[in-house]
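Asker: give me the fold of what follows.
(one chain, ligands or ions: 2)
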Amino acid sequence: MSNSVKVINRSNNPLPVYETELSAGMDLRAFIPENVSIKPLQRILIPTGLFIELEKGYEAQIRPRSGLALKHGITVLNSPGTIDADYRGEVKILLINLSDAEFLVSNGDRIAQMIVSKHEQITWEDAKILTETARGAGGYGHTGV
Ligand SMILES: O=c1ccn([C@H]2C[C@H](O)[C@@H](COP(=O)(O)OP(=O)(O)OP(=O)(O)O)O2)c(=O)[nH]1
Ligand SMILES: [Mg+2]
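Answerer: Ligands and ions are numbered 1, 2, ... in the order given. Next comes the predicted model:
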């Protein structure tokens, strides 16, 4: 990939940018006609006005912003959200309010961040046994805490 991604911006907000030189994520802005209130434990799908075309072998992940999580209990319910390379719809953000106070979102607010990553697609190789390892079937904390 040339590191450029096709985008249609139907919002009245600027395109997402990397906020610092080496940021992994670009903050995504809400594209909403009027303020939206998210009540405690309410989940809400917020449009961005962005439509993107990723190349084959790439995905975009929608992740929470840590400041919103820490200060307001606002997170991305399906984190990390997955934008598939063949998706042509609007990028939307599924927020949930895990605090006990209402949270207001205004148009242009930076409510999540997007990371573009390479990924593999696999094929299955049917097997009767799997290679032995020291871990074996141990998991879920079997090495202790
Ligand atoms: O946070 C997200 C997650 C997904 N999507 C869009 C892009 C993605 O390609 C599509 C489908 O997402 P996913 O595969 O996670 O949802 P699904 O419930 O499996 O839907 P589908 O049956 O359409 O794949 O929805 C978003 O806009 N925001
Ligand atoms: Mg799916």
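Asker: what's opposite the residue in the chain that ligand 1 sits nearest to in the beta bridge?
Answerer: Of all residues in the chain, the one sitting closest to ligand 1 is Gly81 (2.3 Å; CB to the nearest ligand atom). C-betas here are computed from N, CA, C, even on glycine. For Gly81, the residues forming beta bridges with it (DSSP bridges) are Ile62.
Asker: just the strands in this protein please.
Answerer: Shown for the chain, the strands assigned by DSSP state E span residues 6-9, 26-29, 36-38, 43-53, 58-63, 74-76, 81-83, 90-97, 103-105, 110-118.
Asker: spit out the contact partners of Lys6.
Answerer: Listed by CB atoms under 8 Å, 6 or more residues apart in numbering, the contact set of Lys6 reads 52-53.
Asker: ok, 6 Å please
Answerer: Taking CB atoms under 6 Å, 6 or more residues apart in numbering, we find Lys6 in contact with Glu53.
Asker: just to revisit the earlier point, save the strands of the chain as CSV, and put in distance to Ala134 and mean pLDDT too.
Answerer: As requested, the strands of the chain are exported to CSV (distance: least, CB to CB, whole Å; pLDDT from 0 to 100):
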stretch, distance to Ala134, mean pLDDT
strand 6-9, 46, 98
strand 26-29, 41, 98
strand 36-38, 46, 98
strand 43-53, 42, 98
strand 58-63, 32, 98
strand 74-76, 36, 98
strand 81-83, 32, 98
strand 90-97, 39, 98
strand 103-105, 47, 98
strand 110-118, 30, 98
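Asker: thanks a lot, see you next time.
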